[in-house]
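In: Test case, fold it:
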Amino acid sequence: MASGISDTQSAESVIVRAIADAIRPDPPLSVWKWADEYRMLSSKAASAPGKYRSERTPYLREIMDCLSVESPIRRVVVKKPAQVGFSEALNNWIGYVIHHAPGPMLLVQPTVDLCKRYSKQRIAPMINETPVLTSRVAEEKSRDSSNTMLEKEFPGGMLLMTGANSSVGLRSMPAKFLALDEIDAYPPNVDDEGDPIELAVARTSTFARSKICMGSTPTVTGRSRIDIAFEETDQRQFWLPCPHCKDLQVLQFARLVWPKGRPEKVEYQCIHCNQFIQNYQKTWMLARGEWRPTVECDPTIRGYALSGLLSPVGWLNWASIAAKYEQAEKKTDFLQTFYNTVLGESYSLGGETPNDARLYERRESYPIGRVPRGGLFLTGAVDVQGDRLEIEIKAWGRGRENWSVDYIVIDGNPKEQTVWDQLTEVFESSWPSEYGATMKLSRLAVDSGYAADQVYAWARGKGSTVMVIKGDSRVPAVLGAASAVEVGPMGRKIKSGVKVWPVNVNFVKEELYRWLNLDAPDLEAGEAYPDGYCHFPQYNREYFAQLTAEQLVTITDKHGYRKTQWQKLRERNEALDLAVYNRAAAVAWGIDRMEEKHWAHLEQVIGAKKSRLDEAAESPNTVTPEQPPTQIAPPAPPASTSSRRRIRFRFN
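Out: Numbers count the residues shown, from 1 in each chain. Here you go, the predicted model:
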C-alpha cells in the first residue's frame, strides 16, 4: 500500500511540474542570445558562414541588449567605422523581431536603391539560412504582396524597408521598431517635406514602448548627423584591460607605434605601464572589456562609439590600420576616408586660422565693383547690424573658385524703411564683367539673427532669388531644409510667406579657412588655381582682420569629452559672416551640383569669350611681337544711382 501511495504522489508531482513548466513564461531573451541560439550566417553575406557567435564581437552585446524588448532603453545611437560587425547586429535585431518579438518594423537606408540591395544581399540570405525565420516569412513572390523585396510580412508584424529619399516610404505605416542605417548619407530634406529622420521617428509616436536604433559611419565635423545624435547620448566608450598591467583604457590611434614604412611591425603601447601589446592579444582584451558612459543624459538613451582598433583578430588588424594611415598621409584627400571608415571619427576640414597679413599681401589688382574673368555667377550676402546693413558681393566659377567683387555699407537703423529701400536698389543692381556683360545677383542671402521682422517684411515677395537664413549648427550640411515662418490661422503655410534656411555656419567656417590657407599657384609654370581658391581686390587690413576673426579650438568638458567650438579673437567679424552667407547662397543656387555643361552654359549666357590677348597667347603667329595686340577697352560701369551716393564702401 505504501508503495502505491508513493507511486501516485510521484506521478502527481510529475504532472504538476509539467503543468508548471508549460505555464511558466519564457526567460527574457536578449537579441544577442537569440542570435547565438538561432542565427545562421549565409555564405552570400558573410566571410565565415555558419552559426553566429557573439563572442567574436563582445562589444556588440550590450548594444544588442539595449534593443531587446525587456530593456528600458528607447533610443540607441552607434557611431562606427567599417568592419566591426554592426550591420550583423542590426540584422540580428530584425531576426529577433520576426521570431521573438513581432511587431511593425521600419528599416531606412539612404536611398531606395540601396535598400533594395540591402534586402537582396543581407535580409533575404538571413531569412533563407535561419530556419526559425524561414518558417515565419513566406517565400518571396512578385505576385504575393505579403512578401516582396521591400516588404516582409510575418505573424504579428511586418518589416518595411525604404530609402531616406522617399517621403512616401517614410510615412507609409506606424512602426514600433525603427532602424536608421548610415544616417550621414541621408538627404537634408526629402521631397520638400522635411528631415527624413524626423519623418521616420514620427512613425513611432503611437507606440509607448518603441525602440529606435540609428547608426552610421561619421563624415565631416560640423555636419555629421551621427555626431549630432551621439552628443545627445551618454557617449559610451569601450574600455579594455592591458594584458600586462590589467588596467583599463580606451584604445587610441595615437598609441599605435611602428617604424615608418614598416606597418607590419606595429604595436600598441599601454597608456598605464608603457608595455607593448600585440594584435593577437586583442581576443583576450575584448572578452574582458566593458562599456562606460562619459556624460549624463536621459537614462532611456544610449550612445556607443566604436573604433576599427576594436576589430576582432582575423578582421581588420593593427598592421592594416597602420598601412592605411601611411597611404592616407600621402594624399590628404584620403585622410577623411581613413578617419571615417577606420577610426569611426568625423573629419575636421578646418586648419589653422589663416594669417590676415598673408591674405592682405596677396591681394590682386582687379577693380572693386567689376567681375573678373572666371566669375560666372554672382551671390550676395547681407549682415544686419543695429545701425547698418553690410553687404558683400561674390563671383563664383568652376571648382568653387571665388572673387570678392564689392563690399557695401548702408548706414541707418534697420527698423527704418529707408534702409531697406536702399537694399532694394542694391538687390536690383548689375555689376560689369570683364567678359563685357553686366551681371545681376543669382542669390542674395539675408541673415535674420537681428531685426527678423524687418528682414521678413523686406524679403516677402522678392521671389526665390532672396533667401532668409539663420545659423544652426545642428544642420548636417551647409544648408538644411527651409521652413515656413509665416503661416495662416489654421496652421497652413502662406503661399507667398517667408521661409528661413538653416545654415551650418560652423562647417562653412572650417571649409572657408581651409580655402584661405591654400597657396597661390605658379601661373607661369602652368599651374591652375586650386578648388575653393579665394581672390580679393585691394581691400584694407580691416577686412582681412574681420575675415580671420575667429579660431577653432578644442575644449575638454567636465566629463573629459573633447569638443571643438569657434572662439572670437576680436569683436568685429562681419567679413567672416558675410563669406559664410555667400557660400550658403552659392550652395542654394546649386554650385555643388554643377557639371561642366552648366558652366559652359553660363559662359554662353554672359557672352564669355577669349580676348585678343588670350588668342594671341594661344596662337603666337597671329600677332607679331612688333605689333602688339590692341587692348580691349573694359565696359563702362553702370550709371550711378541715388542709392550709390548714399551707400559707402567700407574697405577702400
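In: which ones are touching the closest residue to Val475 other than its chain neighbours?
Out: Nearest residue to Val475 in three dimensions, chain neighbours excluded: Asn504, at 4.3 Å (Cβ to Cβ, 6 or more residues apart in numbering). The way it works is simple: take the backbone N, C-alpha and C, and place the C-beta from them, glycine included. Taking Cβ atoms under 8 Å, 6 or more residues apart in numbering, we find Asn504 in contact with 222-223, 471-480.
In: Just the buried residues from those residues, in PyMOL please.
Out: To isolate the buried members of those in PyMOL, using 16 or more other Cβ atoms under 10 Å:
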select buried, resi 222+223+471+475+476+477+478+479+480
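In: Among the contacts of Asn504, which lie within strands?
Out: Using DSSP state E, Gly471 are the members of these that sit in strands.
In: And stretch 158-171, end to end?
Out: One end of stretch 158-171 sits 15 Å from the other (Cα to Cα, to the nearest Å).
In: Use 443 as the first number for this chain going forward.
Out: Will do, 443 is the new start, and the previous item becomes stretch 600-613.
In: what secondary structure does Thr821 sit in?
Out: Classification of Thr821 by DSSP: H, G, I helix; E, B strand; the rest coil places it in strand.
In: cool, and the one 3 residues further on?
Out: Under three-state DSSP, Val824 falls in the strand class.
In: do the same with the one 4 residues further on
Out: Under three-state DSSP, Gly828 falls in the coil class.
In: Show me the helices in the stretch 543-692 of the chain, by range?
Out: 554-560, 566-571, 573-576, 609-612, 638-644, 667-673 (DSSP state H, counting those that start in this stretch).
In: now those as JSON lines including mean pLDDT and distance to Ser472?
Out: Output for those, formatted as JSON lines (pLDDT from 0 to 100; distance: least, Cβ to Cβ, whole Å):
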{"stretch": "helix 554-560", "mean pLDDT": "92", "distance to Ser472": "24"}
{"stretch": "helix 566-571", "mean pLDDT": "92", "distance to Ser472": "18"}
{"stretch": "helix 573-576", "mean pLDDT": "94", "distance to Ser472": "16"}
{"stretch": "helix 609-612", "mean pLDDT": "87", "distance to Ser472": "29"}
{"stretch": "helix 638-644", "mean pLDDT": "93", "distance to Ser472": "24"}
{"stretch": "helix 667-673", "mean pLDDT": "92", "distance to Ser472": "23"}
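In: could the ones you listed go into JSON lines alongside mean neighbour count and distance to Gln679?
Out: Below are the helices of the stretch 543-692 of the chain laid out as JSON lines (neighbours: other Cβ atoms under 10 Å; distance: least, Cβ to Cβ, whole Å):
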{"stretch": "helix 554-560", "mean neighbour count": "17", "distance to Gln679": "29"}
{"stretch": "helix 566-571", "mean neighbour count": "21", "distance to Gln679": "30"}
{"stretch": "helix 573-576", "mean neighbour count": "16", "distance to Gln679": "34"}
{"stretch": "helix 609-612", "mean neighbour count": "19", "distance to Gln679": "32"}
{"stretch": "helix 638-644", "mean neighbour count": "20", "distance to Gln679": "24"}
{"stretch": "helix 667-673", "mean neighbour count": "22", "distance to Gln679": "11"}
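In: Kindly state the domain boundaries assigned to the protein.
Out: Domain ranges of the chain: 473-690+729-752, 798-962+971-1066+1073-1088, per automatic domain parsing.
In: who wins for proximity to Phe776 among those?
Out: domain 473-690+729-752 (14.3 Å; Cβ to Cβ).
In: Next, find the distance separating the closest residue to Val813 other than its chain neighbours from Ser658.
Out: Closest residue in space to Val813, ignoring its immediate chain neighbours: Ser875 at 4.0 Å, by Cβ to Cβ, 6+ apart. Distance from Ser875 to Ser658, counting by Cβ to Cβ, to the nearest Å: 43 Å.
In: These two - which one has more neighbours?
Out: Of the pair Ser875 and Ser658, Ser658 is the one with more neighbours under other Cβ atoms under 10 Å, namely 26 against 23.
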